[in-house]
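J.: Model the structure of this input:
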Amino acid sequence: MSDIYILYSNINWLIACLIFVSYILIDWLYAKYTLEVVSLRPGQSATIGSFMHFLLAFWVINYNDNWLYLFPLAIGSWIGTYYVIKYEKIKNK
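T.: Here you go, the predicted model:
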């Protein structure tokens, strides 16, 4: 129990918020990447994929020291995917 308290007390809330927002963007990019691949658009797919992996690598370095950063990551990821799919459904009506 004391390990969790130590991790919690060491959370940088600015980093946690940046991870949250970044993973909304990363998951949005991932969903768009999938749509571009399915549409056979190589330039867009490659550009989105490389930017997405750059952001992923950057944040892996940050949350590697404290696994509690995975919570804003997971929530941001969920929101990113949800809104891309919701937007695509509206666009395709």
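
J.: How many residues are close by residue 74?
T.: 14 (other C-beta atoms under 10 Å). From N, CA and C alone the C-beta is placed, and that goes for glycine too.

J.: One more: the one 3 residues further on?
T.: Look at residue 77: counted by other C-beta under 10 Å, it has 19 neighbours.

J.: Need the CA coordinates for whichever strand or helix holds it. CSV is fine.
T.: Using DSSP states H and E, the element containing residue 77 is helix 70-91. Backbone C-alpha positions of helix 70-91 (Å, rounded to 0.1, in the frame of the first residue of the first chain) are rendered in CSV as follows:
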residue,chain,number,x,y,z
LEU,A,70,-1.5,4.7,-17.5
PHE,A,71,-4.9,5.9,-16.2
PRO,A,72,-4.9,9.2,-18.1
LEU,A,73,-3.4,7.3,-21.1
ALA,A,74,-6.3,4.8,-21.1
ILE,A,75,-9.0,7.4,-20.7
GLY,A,76,-7.5,9.6,-23.4
SER,A,77,-7.2,6.6,-25.7
TRP,A,78,-10.9,5.7,-25.2
ILE,A,79,-12.1,9.3,-25.9
GLY,A,80,-9.9,9.6,-29.0
THR,A,81,-11.3,6.4,-30.6
TYR,A,82,-14.9,7.2,-29.6
TYR,A,83,-15.0,10.6,-31.2
VAL,A,84,-13.3,9.6,-34.4
ILE,A,85,-15.8,6.8,-35.0
LYS,A,86,-18.7,9.1,-33.9
TYR,A,87,-17.5,11.7,-36.4
GLU,A,88,-17.1,9.2,-39.2
LYS,A,89,-20.7,7.9,-38.6
ILE,A,90,-22.1,11.4,-38.8
LYS,A,91,-20.0,12.2,-41.9
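
J.: Can you give me the buried ones in that helix?
T.: Using 16 or more other C-beta atoms under 10 Å as the test for burial, helix 70-91 gives 72, 73, 76, 77, 79, 80, 81, 84.

J.: Quick one: list the elements packing against that helix.
T.: The contact analysis (3 or more C-beta pairs under 8 Å, 6 or more residues apart in numbering; DSSP states H and E) places helix 70-91 against helix 13-38, helix 42-63.
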